[in-house]
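Novice: model the structure of this input:
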Amino acid sequence: MILPLEEVGHRVIAFDLPGHGMDKTPVTDVTLNDFTDRLCGILDSENGKVILIGHSMAGLVITQAAEFRPQKIQTLVYLCAYIPKNNQSLIQIAQSEKKETDEPSLVIFSEDQTYMALNDELIKYSFMVIVLKKTLLRQKRNYVLSLYRLS
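Specialist: Numbers count the residues shown, from 1 in each chain. Below you'll find the model as predicted:
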């Protein structure tokens, strides 16, 4: 996702959320506020408004960041992302999604419903690449790309 945007002249900032990807924060110590604080720190260092792209769980993060830093946001792009209602958690969103379809879910819940994981067999990135090429590559903007990277 990053390279195609950069190849057409966009400036992209990609980072790992706390507890994800290369970030070594123990996932048990991480909250949504930690994710949002990381993103807001990046926004604070940028001059002008940015377009935020949130993939998957990062939809929650960009939504909250937009509430905290509305003056820094030009546009929010939800790329295969969760869009929360007021006071709705990621687990609540994923649980309601599972109830709406008989298809296998991307999210797998623990038996006691205290945590969830991703179903590796269903993770597909080709759709994201198509969406990026068709909708974002036509514009020249500064992008902050909030990636939810699987370790």
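Novice: tell me what Ile51 is bridged to.
Specialist: Thr75, Tyr143 (DSSP bridges).
Novice: tell me how far it lies from Ile62.
Specialist: Computed as CB to CB, to the nearest Å, the Ile51 to Ile62 distance reads 10 Å. No exception for glycine: its C-beta is placed from N, CA and C like everyone else's.
Novice: overlap in contacts, these two.
Specialist: Leu76 (CB atoms under 8 Å, 6 or more residues apart in numbering).
Novice: neighbour count: the two, which is higher?
Specialist: Just comparing Ile51 and Ile62: by other CB atoms under 10 Å the higher neighbour count belongs to Ile62, 26 against 18.
Novice: tell me which helix or strand that one sits in.
Specialist: For Ile62, the element it lies in under DSSP states H and E is helix 58-68.
Novice: what lies in contact with that helix?
Specialist: Here helix 58-68 has contacts from 17, 32, 35-36, 39-40, 43, 52-54, 73, 76, 78, 81-84, 90, 146-148, using CB under 8 Å, 6+ apart.
Novice: the longest helix belonging to the chain vs helix 58-68, what angle?
Specialist: In the chain, assigned by DSSP state H, the helix with the most residues is helix 32-45. Orientation check (axes from the mean of the first three to the mean of the last three CA atoms, to 10 degrees): helix 32-45 against helix 58-68 gives 60 degrees.
Novice: what comes up buried for helix 32-45?
Specialist: Buried residues in helix 32-45, counted by 16 or more other CB atoms under 10 Å: Leu32, Asp34, Phe35, Thr36, Arg38, Leu39, Cys40, Ile42, Leu43.
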